[in-house]
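**Q** no sequence on this one, just coordinates:
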């Protein structure tokens, strides 16, 4: 046909433009079932085995959800089926942040399980993201800095500086050494299916293969946020509007910051229909900054080489369709294009590993308007079930392999482009168990926690410092990749279109890229915390409480490591309090900062490279309004003890005073009921932030020892 939904084609002219209604794939609608405190997402419906690039080109913004990763289940055994394991801390997701969380807790004595839904730890840092997104390297400290310094020593034993370029197999070895240096128990192919809760407390999580893990504290560290979703914790996907959090960069972006078409490329085929690789027509009624469900694009970060001794040539994949690439063909053959002088077309981001030692390895990342980002292919991923995700993974793999084959061999491409691409290939010494292809898809963002406080564009740009709530530093840009590639009817509808284009000429146009630097900033503790009313023993690392824009700077691998270390430390310090019915939200901030500083974390004013100011007065400790001491043999000690904000102990706990002058406080990790000028009457050795209610013993007071009742808890950070 020569017209599509009212769009008439006459040469390069488009008349009566309207939005093309996108095709809708059949969606599997899945409801979460809550029975007897068990939160379960049903098993997946059938999904076609063969991926189709066209299935992801348009109309897949509807998102399903489910849980069974069937393709993995077909290929693995489950020798521990039905076994229940108990730990202090369970970390779900062996990403870089997950590894750091597990190691941080284990180094301080916690019994830790590290659950890996796959069978390769380290996430993107060991999965092909070799040119690390650093920002300001001076604010990367703690275990993240330890990791990058260890990487440097792999190439030079005398090195004392970090090296941020990574060979995937070297990074994997460092992560494995970190885990093996502790008593962490690692479980592979552990894919969460069910979460059992008692009120706000997660009691256990069950894997698809039947293994059950119990813990006092759970840490969510996978990129997808699968554990938090099954724990009935609030989360978001897609892009918020500019109005929701007052973010100037949020939502639909009519002007693209980068990776845009520099020339006008006709978006229609000879039959008048949209070419493949386009997600649809631009909606002329769309408003700048409006919210939508779209997700920034994903890709594979490939470690490629020009070393003939280590090179595996790009191969033609099964399912390759040369007609799919017509838009790319028109772009790369445009007479005014300059990208063809780069190799491969501007995608080589940097070296993988020790280039100074002669390693010819490169991180092949997305670059330009048509590259390794599979635009539109990510939209369904965040809430897709495991089988659907496998299909999306394979579709991204087919897209990337097809792109490399097209750029290397297509007879209609300029020979100079093909020649430059054929110089590169996959590395024979990388990813050997998966045919030299990375097993980790670069999931730039999926689910995002919605906690009591949200990290937004304003958090690093306006607030910047968080004082006693800081757990580390960030500095990288707001970096969100293109969300959609559309056909634009004219430049009046799509601002920042290619120069020299007539107002009546249509062209292909990318939308959604954001690249703006916020500067250095503190990462606040509350990005790790679900709403207190929803979960009190869960910490979230790789799907933090952030808006789409806030997440676009927090999502870098060094920051995931920093947040992971902090989460593991919080989990360890919270064990007794959580076991006694408290929440991770009430972690002793003084003890937390002491532990993080001891382990090299950089926080607070050091994020800005400023000299440390004089130590400010200690903020109010986490406290209850009052405690009632009852039934003690020493009747003068019985009664109400009120919190006294003018006094505090060196360990940061609250100090409570009775009208008679008797006091309730903790000193050298022992709780006391005493008159500090006279005697200690009762004591309690429970290692808790708040006064223990039971377990008191007689010192000089009369028997029996008392018990306590407490008022509501008011955590310090709620006052900010």
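**A** Arrived safely, thanks for sending. Note that this is a predicted model, so its numbers are computed, not measured.
**Q** Now do the contacts for residue 336.
**A** With contact taken as CB atoms under 8 Å, 6 or more residues apart in numbering, residue 336 is in contact with 262-263. Every C-beta, even on glycine, is put in place using the N, C-alpha and C of the backbone.
**Q** Pull up the gap between it and residue 264, please.
**A** The gap separating residue 336 from residue 264 is 9 Å, by CB to CB, to the nearest Å.
**Q** how many other residues sit next to residue 133?
**A** Using other CB atoms under 10 Å, residue 133 has 17 other residues around it.
**Q** what about the nearest residue to it once chain neighbours are set aside, how many neighbours?
**A** Leaving aside its chain neighbours, residue 133 sits nearest to residue 556 (4.4 Å; criterion: CB to CB, 6 or more residues apart in numbering). Neighbour count of residue 556, defined by other CB under 10 Å: 22.
**Q** wait, doesn't residue 556 sit right on residue 136?
**A** No: judged on CB atoms under 8 Å, residue 556 makes no contact with residue 136 at a distance of 11.4 Å.
**Q** Just the helices from this protein, written as ranges.
**A** Counting by DSSP state H, the chain has helices at residues 70-75, 96-107, 142-155, 168-180, 226-230, 242-245, 326-332, 386-409, 415-422, 458, 548-554, 557-579, 589-598.
**Q** Pick the most deeply packed of these.
**A** Scoring the helices of the chain by mean neighbour count under mean count of other CB atoms under 10 Å gives helix 96-107 as the most buried, with a mean of 30.
**Q** I'd like to know which elements that helix is packed against.
**A** Counting contacts by 3 or more CB pairs under 8 Å, 6 or more residues apart in numbering; DSSP states H and E, helix 96-107 packs against strand 84-92, strand 112-116, helix 142-155, helix 168-180, strand 212-220, helix 557-579.
**Q** how about stretch 528-535: buried residues?
**A** Residues 528-532, 534-535 are the ones in stretch 528-535 that count as buried (16 or more other CB atoms under 10 Å).
**Q** Go through those and say which is closest to residue 541.
**A** Nearest to residue 541 among the buried residues of stretch 528-535 is residue 528, at 6.7 Å by CB to CB.
**Q** residue contacts, that closest one?
**A** Each residue near residue 528 by CB under 8 Å, 6+ apart is listed here: 471, 539-541, 544-545, 563, 566-567, 570.
**Q** Give me the pLDDT value at the nearest residue to residue 164 once chain neighbours are set aside.
**A** Nearest residue to residue 164, sequence neighbours excluded (CB to CB, 6+ apart): residue 132, at 4.0 Å. Listed pLDDT for residue 132 reads 92.
**Q** Phi and psi next, for residue 132.
**A** When read as degrees, to the nearest 10, the backbone of residue 132 gives phi -60, psi 140.
**Q** now residue 130
**A** Note on residue 130: its backbone torsions stand at phi -100, psi -20 [degrees, to the nearest 10].
**Q** Surely it touches residue 303?
**A** Yes: counting by CB under 8 Å, residue 130 does reach residue 303; the two are 5.5 Å apart.
**Q** Which member of the contacts of residue 528 is positioned nearest residue 687?
**A** Nearest to residue 687, judged by CB to CB, of these is residue 570 at 15.1 Å.
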